[in-house]
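> Build me a model from this:
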Amino acid sequence: MARREFSKAVLRAALARADGRCEGLLKDGSRCPCALQVGRFHYDHIIPAALTEDASLGNCQVLCRPCHAAKTVVDVGVIAQVRRVRDRHAGIVGSQQRIFPCGKASPFKRLIGGGVIRRDTGERLD
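Sure, this is the predicted structure:
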């Protein structure tokens with residue numbers, strides 16, 4: 001999925017809507033009190049661009065640098081989780097999910113004495 005950037009018209013409208021103030025929300029739900037300064041703010045996708053192709057005004061917000069940095073940290077985790085779920089749904093298994101010989105996901109179990117048994121039947125294989 002290609003990243004869609006905001007058009008100049010959307011950027012102008014978002015900046016006008018912000019009215020010179022950061023549109024970020026603090027933990028208590030109130031709006032960030034930071035005033036926007038030229039070159040010290042970012043236009044941000046509310047729903048990350050990696051998850052949607054929406055480059056409309058409804059998905060654009062103007063954030064001060066600290067709010068943008070905090071939101072990016074959260075977005076990176078959300079994007080990674082969505083990708084893991086999509087991969088799992090498609091049957092794609094990551095390297096960390098490979099079955100190790102005699103590991104918990106393996107059909108075989110290594111005994112303390114060194115022998116090996118099948119987990120489902122209990123049959124000794126040594």
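> only C-alpha atoms for contact and neighbour calcs from this point on.
Fine.
> the bottom helix or strand of the protein by mean pLDDT?
The weakest-scoring helix or strand in the chain, judged by mean pLDDT, DSSP states H and E, is strand 108-110 (a mean of 88).
> after it comes which helix or strand?
The first helix or strand that comes after strand 108-110 along the chain, using DSSP states H and E, is strand 116-118.
> Can you name every helix or strand that the least confident helix or strand of the chain contacts?
In terms of contacts (3 or more Cα pairs under 8 Å, 6 or more residues apart in numbering; DSSP states H and E), strand 108-110 is packed against strand 116-118.
> How about the strand it packs on, which residues are buried there?
By 16 or more other Cα atoms under 10 Å, the buried positions in strand 116-118 come out as 116-117.
> who does the least confident helix or strand of the chain pair up with?
strand 116-118 (antiparallel) (DSSP bridges).
> Helix or strand for residue 83, just tell me which one.
helix 65-89.
> pLDDT averaged over that helix, what's the number?
Averaging pLDDT along helix 65-89 yields 93.
> what does that helix contact?
Helix 65-89 is contacted from outside by 24-25, 40-42, 44, 48, 50-51, 93, using Cα atoms under 8 Å, 6 or more residues apart in numbering.
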